[in-house]
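[1] Below: sequence and its predicted model.
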Amino acid sequence: MHNELEKLVHLQELEQQIQVLSVQIAQYGGRVEVREAALYDTGRLLERNATALAKEASLRRKLELDAEDMRVKAARYRVQLDDAKSDGQVKALEHQLKFCKKEIDRIDELEFASLMETEALEVKQRLLHETRANQLQALENEKAASQLGRDRDKAILAELHRERDAARQSADPQLLSEYDRMAAARKMPIATVEQQRCSACQMMVRPQRWNEIRQGAVHFCESCGRFLYYNPAVDLSDAIHLPSAGKKTAGLANDAACAKPTGFDRSTRED
């Protein structure tokens, strides 16, 4: 590989590491925010649950007062029934007593339903308190872990920035200018050539240029404009050796000789 191109490849690797690490550092705050949001949501649920509990308690107090009022009226109607003088008065008072009993039964049912709802809300309240306690602990752990990770990654990031600055200073100014121009277009400035193709845009590289790239020459992709470089560790095409035509078996050679002509011009094909 061309020495100047190798410097740019190293620069690109450093900038990729810086980008990944910068994203990772930003994500620490996001993880803490997720924990805080979960804690906030649980707090809101606790508030709503507490409000529902208070509402049920208020409802039962009202029902108790209504039931007591019905009992007082029923007692008064029973006293009046004992003093009733006519059948009409008796029937009217008995009707009122039946109504009071029906209302008291209805109120008792509502009180029982409220008690059942209160019991469910109290269970939910205990679970929410436990959840909130666990979330508080998880939040504290996340804050501590995020702070440690952020401090560590910032130290690594500072070292990467120093290496990048050194790499830029040692790079050829003209090539660096081209590198920056392509980087500004939000694309990786350098691409490998694999199987005679640009790994970024998959455009084929002409044979002569392909050979020159493998020998270390600096070339740009004719399609996407990126620097092209050859990495033997990635492209193993040079390590693959196909058998030559002279090593064909006799049977295969005879079959080829007996094959019917197809009108195919070998010289034209090779061109």
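    Sure, I can see it. Numbers count the residues shown, from 1 in each chain.
[2] what packs against the host helix or strand of Val72?
    Val72 belongs to helix 3-82 when assigned by DSSP states H and E. Where contact means 3 or more Cβ pairs under 8 Å, 6 or more residues apart in numbering; DSSP states H and E, helix 3-82 is packed against helix 87-170, helix 173-184, strand 190-194, strand 227-229. The way it works is simple: take the backbone N, C-alpha and C, and place the C-beta from them, glycine included.
[3] Can you tell me which helices and strands the first one packs against?
    For helix 87-170, the helices and strands in contact under the criterion 3+ Cβ pairs under 8 Å, 6+ apart are helix 3-82.
[4] how big is the angle separating the helix it packs on from strand 190-194?
    100 degrees (axes from the mean of the first three to the mean of the last three Cα atoms, to 10 degrees).
[5] Could you pull up the mean pLDDT of helix 3-82?
    Taken as a whole, helix 3-82 has an average pLDDT of 94.
[6] do the same with stretch 114-126
    For stretch 114-126, the per-residue pLDDT averages 97.
[7] May I have that stretch as PDB, with CA atoms only?
    The C-alpha coordinates for stretch 114-126 follow below in PDB (Å, rounded to 0.1, in the frame of the first residue of the first chain):
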ATOM      1  CA  SER A 114     -65.800  -0.300  47.600                       C
ATOM      2  CA  LEU A 115     -64.000  -2.500  50.200                       C
ATOM      3  CA  MET A 116     -63.000  -5.000  47.500                       C
ATOM      4  CA  GLU A 117     -61.800  -2.200  45.200                       C
ATOM      5  CA  THR A 118     -59.900  -0.700  48.100                       C
ATOM      6  CA  GLU A 119     -58.200  -4.000  48.800                       C
ATOM      7  CA  ALA A 120     -57.100  -4.300  45.200                       C
ATOM      8  CA  LEU A 121     -55.800  -0.700  45.200                       C
ATOM      9  CA  GLU A 122     -53.900  -1.300  48.400                       C
ATOM     10  CA  VAL A 123     -52.200  -4.400  46.900                       C
ATOM     11  CA  LYS A 124     -51.300  -2.300  43.800                       C
ATOM     12  CA  GLN A 125     -50.000   0.400  46.100                       C
ATOM     13  CA  ARG A 126     -47.700  -1.900  47.800                       C
END
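[8] quick revisit: include mean neighbour count and distance to Asn211 when you put the helices and strands packed on helix 3-82 into CSV, please.
    Formatted as CSV, the helices and strands packed on helix 3-82 follow (neighbours: other Cβ atoms under 10 Å; distance: least, Cβ to Cβ, whole Å):
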stretch, mean neighbour count, distance to Asn211
helix 87-170, 14, 28
helix 173-184, 14, 21
strand 190-194, 20, 11
strand 227-229, 23, 12
